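Colleague: Need a 3D model of the following:
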Amino acid sequence: MFEHRQDQMEQLLKNSAEFRAIYNRHQELDRRVADAEEGARPMDDLSLSQLKKKKLMAKDQLERLMTAGHA
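Modeller: As a prediction, the model looks like this:
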């Protein structure tokens with residue numbers, strides 16, 4: 001995620017509690033989605049869809065913070 005902006009992302013993770021909290025939430029949601037898709041954490045399609053939407057919303061928040069230049 002954001003490989004082309006790795007330096008900026010690392011700086012935000014270090015200096016922005018808001019960015020770090022959202023990033024950690026995105027990582028957790030990513031793990032939960034992967035577990036569900038691999039069958040390690042069974043869930044119905046609606047729940048998985050909602051989880052993916054939450055993950056995308058977190059990614060969008062991270063993108064907005066990076067675009068705004070919060071460092």
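Colleague: only C-alpha atoms for contact and neighbour calcs from this point on.
Modeller: Will do.
Colleague: Any idea how far the lowest-mean-pLDDT helix or strand in the chain is from the middle of the chain?
Modeller: Sorted by mean pLDDT, DSSP states H and E, the helices and strands of the chain end with helix 6-15, the least confident at a mean of 92. For helix 6-15, the separation from the chain centroid amounts to 14 Å (computed by C-alpha atoms, centre = their mean, to the nearest Å).
Colleague: list the helices and strands it packs on?
Modeller: Other helices and strands packing on helix 6-15, by 3 or more C-alpha pairs under 8 Å, 6 or more residues apart in numbering; DSSP states H and E, are helix 17-38, helix 45-68.
Colleague: I'd guessed residue 52 sits against residue 32; true?
Modeller: No: between residue 52 and residue 32 there is no contact under C-alpha atoms under 8 Å: 9.3 Å.
Colleague: just to revisit the earlier point, identify each buried residue in the least confident helix or strand of the chain, please.
Modeller: By neighbour count with 16 or more other C-alpha atoms under 10 Å, helix 6-15 contains the buried residues 8, 9, 12, 13.
Colleague: so the third one makes contact with residue 22?
Modeller: No: under the criterion of C-alpha under 8 Å, residue 12 is not in contact with residue 22, lying 11.0 Å apart.
Colleague: Next one, pLDDT for the residue lying farthest from the centre of the chain please.
Modeller: Distance to the chain centre peaks in the chain at residue 44, reaching 21.3 Å (criterion: C-alpha atoms, centre = their mean). Residue 44 is assigned 93 on the pLDDT scale.
Colleague: show me the contacts for it.
Modeller: Not one residue lies near residue 44 by C-alpha atoms under 8 Å, 6 or more residues apart in numbering.
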